[in-house]
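1. starting from these lines, generate the structure:
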Amino acid sequence: MAVITIYFGLGHIKNCRCNIKRIKFDKNLATIHGYLCSDGYVIKNPPEQKQKYYHIGLRNTNEVLLKDFQTRFNQYFKIEPHITKNVDRCRIGSKEIYYFLTREYSYYCHEWKLPKLPKTKLKFWLRAFFDAEGWVECQEAKSRSVRVECAHFQGLESVKRAVEKFSIKVSTIKKKKDKNSWYINICGLDDIKKFRKEIGFLHPRKAYKLDRAINSYKNYYWEIPDKIEDLINFIKVKGKIRYARNEIRLNTIKKTNLKILKDKLSRYNIKSKLGGPWKSGTGSIYYCLTLKISELKLSKTL
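-> Reported below is the predicted structural model:
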C-alpha cells in the first residue's frame with residue numbers, strides 16, 4: 001500500500017523564514033504587518049475548541065490591495081495565500097506562520113503595535129495602513145485632507161509620530177462623536193504633497209482622490225516673463241495703479257513672487273520696493289511690491 005504524506009505547514013519549503021529567532025523586516029513584511037494591523041487578522045481556534053486552525057488574512061474588497069498582500073506574502077514566506085471567490089479577502093492557514101507573526105506582535109484591534117522600523121521600511125507599513133484605514137476628503141476651496149481613523153488610541157498615536165518622521169504635519173488626535181474611535185488629519189497643500197511623495201496610496205480610488213485634492217488648490221505662484229515688453233504687460237494686469245501717488249502696487253501672499261519680479265525689474269534698471277508682511281481685513285498675510293509709474297514710462301492710458 002502506498003503511503004501518502006500530506007504536509008501541513010512550511011517546514012518543507014525552501015528558505016522559509018519561520019525558523020529565525022526574531023522577526024526581520026524587509027519592505028514586504030513591513031507591508032504585510034501594516035495590512036494585518038488595519039484590516040487583517042492572525043487568529044487561531046479557542047482553547048476549548050477541538051478543531052485546530054491557524055488563519056492569517058486581509059479583509060478588503062479592493063482587488064489591487066488583495067493582490068499586493070498576496071504578492072508580498074509570497075515573496076516573504078514563499079507561499080501564496082488565496083483570494084476568495086467573492087474578492088473580499090486574501091487568506092491562508094499556517095501554524096508556522098501564525099506563531100512566527102505572533103512571536104513578538106499582536107494584531108487585535110486594541111493591541112497591535114507599530115514596529116520600530118527605519119524610514120525606508122516604515123513608509124511601506126504606513127502606506128498599507130492608510131490604504132486600509134485612510135481616506136481623502138476633497139471639498140474644493142473648503143476642506144482637503146488625508147484622514148485615518150482607528151479604534152486603538154495608542155496605535156494611532158504611534159502612526160501620528162511615524163508620519164511626522166517624514167516632516168509631514170499631522171493634526172492632534174480627535175475623538176469621533178458618538179463613536180469609540182479617534183482620527184488624525186493631514187491638511188495643507190505642502191503636507192498633502194509630502195504625504196503623496198513619501199507614503200501615498202496604492203488603492204486606485206484613494207490615489208485618484210489624492211491627486212484631485214492636490215490639483216484643486218489654486219496656484220498662487222506667478223509665471224513672470226523675462227522680456228521688458230512682457231513684464232510691463234504683466235504688471236498692467238497684476239498691479240493696482242494709483243496715479244495720484246505715481247505708483248503701481250502688486251500684492252500677493254507669496255513673497256517669492258515679488259522677489260523674482262523685483263530681480264527681473266532690476267535687470268532693466270527699474271527700481272521697486274518690497275514691503276510686508278501685512279495682514280488684510282480677512283486675516284490673510286500678504287506682501288507688496290511698489291514701483292513708480294514714471295519708472296516704466298507709462299502714459300495715463302494705462
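2. quick check: pLDDT value at residue 20.
-> We have a pLDDT of 59 for residue 20.
3. next: residue 1.
-> For residue 1, the predicted pLDDT is 37.
4. contact partners for residue 155?
-> Taking Cβ atoms under 8 Å, 6 or more residues apart in numbering as the contact definition, residue 155 lies against 37, 112-114. Using the backbone N, CA and C atoms, a C-beta is placed for each residue, glycine as well.
5. which SS class is it?
-> helix (DSSP: H, G, I helix; E, B strand; the rest coil).
6. picking that back up, drop anything exposed from the contacts of residue 155.
-> 37, 112, 114 (16 or more other Cβ atoms under 10 Å).
7. domains in this structure, by residue range?
-> By the assignment in automatic domain parsing, the chain contains the domains 1-113, 114-218, 228-296.
8. looking only at pLDDT, what's the mean for the shortest one?
-> Which is domain 228-296. 89.
9. distance between the ends of it?
-> 10 Å (Cα to Cα, to the nearest Å).
10. quick check: closest non-adjacent residue to residue 23.
-> residue 104 (5.6 Å; Cβ to Cβ, 6 or more residues apart in numbering).
11. my read is that the one you found contacts residue 29, right?
-> No. With contact defined as Cβ atoms under 8 Å, residue 104 does not reach residue 29; the gap is 11.9 Å.
12. name the residues that touch stretch 51-65?
-> 35-36, 39-45, 66, 69, 81, 83, 87-95, 97-99, 101, 131-132, 202-205.
13. hmm, back to that, between residue 104 and residue 29, which one's more packed in?
-> Between residue 104 and residue 29, counted using other Cβ atoms under 10 Å, the more crowded position is residue 29 (24 against 10).
14. tell me the SS of the more buried one?
-> Residue 29 is classified as helix under three-state DSSP.
15. from residue 95, how far off is it?
-> 18 Å (Cβ to Cβ, to the nearest Å).
16. same thing with residue 146?
-> 38 Å.
17. of the two, give the one with the bigger neighbour count.
-> The residue with more neighbours, out of residue 146 and residue 95, is residue 146; 28 against 16, by other Cβ under 10 Å.
18. remind me which helix or strand the closest residue to that one other than its chain neighbours belongs to.
-> Closest residue in space to residue 146, ignoring its immediate chain neighbours: residue 186 at 4.3 Å, by Cβ to Cβ, 6+ apart. Secondary structure from DSSP states H and E places residue 186 in strand 182-187.
19. show me how far that strand is from its chain's centre.
-> Centre-to-centre, strand 182-187 and its host chain are 11 Å apart (Cα atoms, centre = their mean, to the nearest Å).
20. got the contact list for that strand?
-> By Cβ under 8 Å, 6+ apart, strand 182-187 touches 144-151, 153, 156, 159-160, 163, 168-176, 192, 195.
21. identify the residues contacting the residue most central in space within the chain.
-> By Cα atoms, centre = their mean, the chain has its centre lying nearest to residue 195, at 3.2 Å. Applying Cβ under 8 Å, 6+ apart to residue 195 gives the contacts 146, 163, 166, 168, 186, 210.
22. in helices only, show me those residues.
-> 163, 210 (DSSP state H).
23. which of the contacts of residue 195 tops the neighbour count?
-> Going by other Cβ under 10 Å, residue 146 tops the contacts of residue 195 with 28 neighbours.
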